[in-house]
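K.L.:
just coords:
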């Protein structure tokens with residue numbers, strides 16, 4: 001059974017930090033790039049970051065560049081999202097998904113096989 005399980009979401013003050021984890025199982029971790037997406041209330045889902053662990057390639061949406069860092073531990077089949085200098089506008093449910101890619105126009109998107117986790121809530125207070 002394919003599973004992507006997110007953890008690490010919390011309530012934090014603006015300027016603070018969190019590290020999210022995405023534990024993957026049921027598929028070959030190296031076969032897919034894994035990404036982080038978020039959805040705030042009343043807004044469309046947004047691609048945040050994407051990592052191709054095999055080729056050591058990372059992508060970020062512009063609003064998080066310089067603040068967020070994506071990484072992976074292939075031995076643990078886990079992808080992390082280190083989030084620093086958090087802002088209230090980062091408040092959202094964060095999901096991990098596979099496989100991620102960069103679409104035309106630069107947006108981070110999900111393609112087949114379209115695996116998703118259930119999400120973890122990040123709330124940043126002002």
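P.N.:
That came through, no problem. Quantities reported herein were computed from a predicted structural model and do not represent experimental measurements. Numbers count the residues shown, from 1 in each chain.
K.L.:
Select the longest strand from the chain.
P.N.:
Looking across the chain with DSSP state E, the single longest strand is strand 92-102.
K.L.:
If residue 20 is in a bridge, with which residues?
P.N.:
Note on residue 20: beta-bridge partners by DSSP bridges are residue 81.
K.L.:
In contact with it, which residues?
P.N.:
Residue 20 is in contact with 6-9, 36, 80-81, 83, 94, 96, 120, 122, counting by Cβ atoms under 8 Å, 6 or more residues apart in numbering. C-beta coordinates here come from the backbone N, C-alpha and C atoms, glycine included.
K.L.:
OK, contacts around residue 21?
P.N.:
When contacts are counted by Cβ under 8 Å, 6+ apart, residue 21 touches 6-8, 78-80.
K.L.:
Mind pulling up the pLDDT for it?
P.N.:
pLDDT, residue 21: 98.
K.L.:
what's the answer for the one 10 residues further on, then?
P.N.:
Predicted confidence (pLDDT) for residue 31: 89.
K.L.:
what's it sitting at in phi/psi?
P.N.:
Dihedral angles of residue 31 (phi, psi; degrees, to the nearest 10) stand at phi -80, psi -20.
K.L.:
Then the one 10 residues further on?
P.N.:
When quoted as degrees, to the nearest 10, the phi and psi of residue 41 stand at phi -60, psi 130.
K.L.:
burial measure for it, as a count.
P.N.:
Residues near residue 41, counting by other Cβ atoms under 10 Å, number 7.
K.L.:
per-residue confidence at it?
P.N.:
Note on residue 41: pLDDT of 92.
K.L.:
cool, residue 1 as well?
P.N.:
89.
K.L.:
check contacts around the nearest residue to it once chain neighbours are set aside.
P.N.:
Closest residue to residue 1 apart from its sequence neighbours, by Cβ to Cβ, 6 or more residues apart in numbering: residue 26 at 5.0 Å. Residues near residue 26 by Cβ under 8 Å, 6+ apart: 1-3.
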